[in-house]
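Enquirer: How does the following fold in three dimensions:
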Amino acid sequence: MKIDRNLISEIDLFEKSIDIVEFASNSKIDLQIVKGENWCTFQGIDKKDSKKLYTISLSSSRKTAIPIYTALIHELGHILYETPFTPIKKLLKSKKSQLPKTITSSPISAEQKPKISSEQLYHKVFNVLEDQRIESQISKSYLGHKKRFEKTRYNLGKAGFGEFADFENPVFALLAIRFMRDDIVKNTKYYQIYKKALEDVEETDRFGALRVLISIKKYIDEYLSNLESSQKPNSTGFPDSPSTLDDKHLKDMVQLSQELEEKREQLLHGNLPPTIRHKSPDFPIPPELQKSNFSEDEIKEIIQDGKKQGEEQFQNIQNKLTSRPRLDNTLSNVKKILRPSCNYEIDRKIAKGMNKVFKLLKLRSKSFIDISGTQINVDEYIENISKGTNLNRCYENSKSAHGASIVISIDASLSMHDEKIITARNLVATLFESIKGIPNMELRGNIWSSHGSGLIGITEINNIKDVKQISVRRNYNLTPLHMGLEYSMKMLKEMRGTNKLLILITDGQPNYYKNYNLVPDNIYNNQCKRSLQKVLKITPNVICFLVGKEDNNIKKIMTDIFTSKRFIIVPTMKKASQNTIEKFRHFVIKNVQNGV
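Expert: A predicted model of the protein is given here:
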């Protein structure tokens, strides 16, 4: 899903994404955006706090087929899922004496045959497999990223592959399949082998690419052997295809390749010396992966082990992410604030009566959204990464679900002071009391208002002790309805109820200032409508009570935002409280009747 830049800027998005990976990987990540290509490297350990230090470099060019945010997520994947750059380089170097000599690959023309060592070829194959592995692990959690990766691979395949002389090259074959260009390699000798290799490496552990590299080693060796024999005196090499060599796109690719190689030092890696490019912590390679020869049964076993350990790695990361404090998950224009503490009064008669109704609820096995489960719910992934909260809560589970989750969202602008906010405070306290002892009922709330700079003050009400915070702060005097809706959506997504309800209480026309300038009504009202649509993807049960005398202009605006079925005008806050209690009661009864 496309991220709404009205809610989060590109810089905010980058910072939130990096922050998530820093938290999960116990690291510090320095981001630079410069000329060249995309890469990441390990810089060592911070002596002060023992955190791993990484640098990510992204291309500043916007002409590339890889969108900059997609590139960032990919490089963060190398850090999060621990790509073993350094161990693999050491392993290939140690095996160098066992590999074929330097050879000529991809015979494009006599003048343009680049020299490549077998060690380099193995490393390129590893890189393709590793890219596939990390993207599959990230996509497992974040469906939005899966779509980004797939779109980028498709665009790369469409833009980056012309005719090519050496279709049997393992790197070329793997890239063609990875970039959705199976059509140009499907008739090659080992197409099915390389296609299966890309499937095998998905969702494996940090050494998954090495495991799969081992499984296709004999096919790579065969390719190297054929190239070596074709270059012996009096042997027949690969024929040059005139139609291929005349292809302008191919010539451009060759020229670009040479230019990139010549400028590799200054463009690709900036001023980094060769010794610290693409480094990682020196993870120990398991002894069973360092053997020289493997039977087919052993290969099958090491890949199965990779899948199992990959799942363990994935679950460990998810557990870390779900343990993050909620305080870290607010947008840059939202501040969680404390409000003046005020006493509340509980209507014991109403609370006792409602409590009897709520005890009719019973737990049953029903599908609900959780942090784990049998399959991913596509609709549940709605800008989780941009919100930075509940990053993996998008699975369908069939455990016993909570009966209902309810959020009360209250406008705390200046006009809500005195009787209105007092009544609202007593109302929420009464609702909390009414669900006392009901294990399958969740109730939370939020209070919202903003001031002229655009900063929005949010106060969460997560238990009855927090109810004292339902009050007005005079420097937060405006009515940012869009964030009341957006923040309530965030809270509802965090709650486990099978059915969800949002009750919103306000007393005036929505308004929002940014940099001390009023956002025009037509623009802001449309923003509020978009915010409501996001809430409706979480639950259709939304009701807004507007407190005060009926005003035709405000009625028109609010009806346009909420529609008449979700918007009710009530003359007083007392009446709003009564209506809220009734709506609350009916919602619970409906859940019981539907067998929650």
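Enquirer: contacting residues for the nearest residue to residue 27 once chain neighbours are set aside?
Expert: Of all residues not flanking residue 27 in the chain, residue 52 sits nearest, at 4.1 Å (Cβ to Cβ, 6 or more residues apart in numbering). Using the backbone N, CA and C atoms, a C-beta is placed for each residue, glycine as well. With contacts taken as Cβ atoms under 8 Å, 6 or more residues apart in numbering, residue 52 has the following neighbours: 25, 26, 27, 28, 42, 44, 45, 46, 281.
Enquirer: So what pairs up with residue 52 in the strands?
Expert: When bridges are taken as DSSP bridges, the partners of residue 52 come out as residue 27, residue 45.
Enquirer: which sections of the stretch 251-400 of the chain are below the confidence cut-off?
Expert: Per-residue confidence for the stretch 251-400 of the chain (pLDDT under 70) gives these ranges: 251-277, 322-332, 357-400.
Enquirer: switch the cut-off to 50
Expert: Scanning the stretch 251-400 of the chain for pLDDT under 50 picks out the ranges 251-275, 326-329, 361-368, 374-383, 385-387, 398-400.
Enquirer: again, but for the chain
Expert: Along the chain, the model assigns pLDDT under 50 to residues 1-8, 105-113, 162, 234-275, 326-329, 361-368, 374-383, 385-387, 398-402, 592-596.
Enquirer: Okay, buried residues for the longest helix along it please.
Expert: Across the chain, the helix with the greatest residue count (assigned by DSSP state H) is helix 296-322. Of the residues in helix 296-322, 299, 302-303, 305-307, 309-310, 313-314, 317-318, 321 count as buried by neighbour count, 16 or more other Cβ atoms under 10 Å.
Enquirer: how about the helices of the stretch 51-200 of the chain, start to end?
Expert: Secondary structure of the stretch 51-200 of the chain, counting by DSSP state H, counting those that start in this stretch: helices at 68-80, 85-94, 118-141, 143-160, 170-178, 191-200.
Enquirer: winner for burial among these?
Expert: Ranked by average neighbour count under the criterion mean count of other Cβ atoms under 10 Å, the helices of the stretch 51-200 of the chain are headed by helix 170-178 at a mean of 24.
Enquirer: Could you tell me the angle between it and helix 191-200?
Expert: Helix 170-178 and helix 191-200 are oriented at 70 degrees to each other (axes from the mean of the first three to the mean of the last three Cα atoms, to 10 degrees).
Enquirer: Start at 50, not 1
Expert: With 50 as the first residue, the last one maps to helix 219-227.
Enquirer: before we move on, the earlier item: quick check: ChimeraX command selecting the buried ones in the contacts of residue 101.
Expert: Written as a ChimeraX command, the selection of buried residues from those, which uses 16+ other Cβ under 10 Å, is:
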select :74,76,91
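Enquirer: Save the contacts of residue 101 as TSV, and put in distance to residue 630 too.
Expert: What follows is those, written out as TSV (distance: Cβ to Cβ, whole Å):
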residue	distance to residue 630
74	47
75	48
76	50
77	50
91	58
93	60
94	57
95	54
330	57
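Enquirer: Can you give me the neighbour number for residue 589?
Expert: Using other Cβ atoms under 10 Å as the criterion, residue 589 is surrounded by 11 other residues.
Enquirer: Over to the one 5 residues further on?
Expert: Taking other Cβ under 10 Å as the neighbour definition, residue 594 ends up with a count of 20.
Enquirer: Mind telling me what element it is part of?
Expert: strand 591-596 (DSSP states H and E).
Enquirer: roughly how far is stretch 608-627 from the heart of the chain?
Expert: Counting by Cα atoms, centre = their mean, to the nearest Å, stretch 608-627 is centred 36 Å from the centre of its parent chain.
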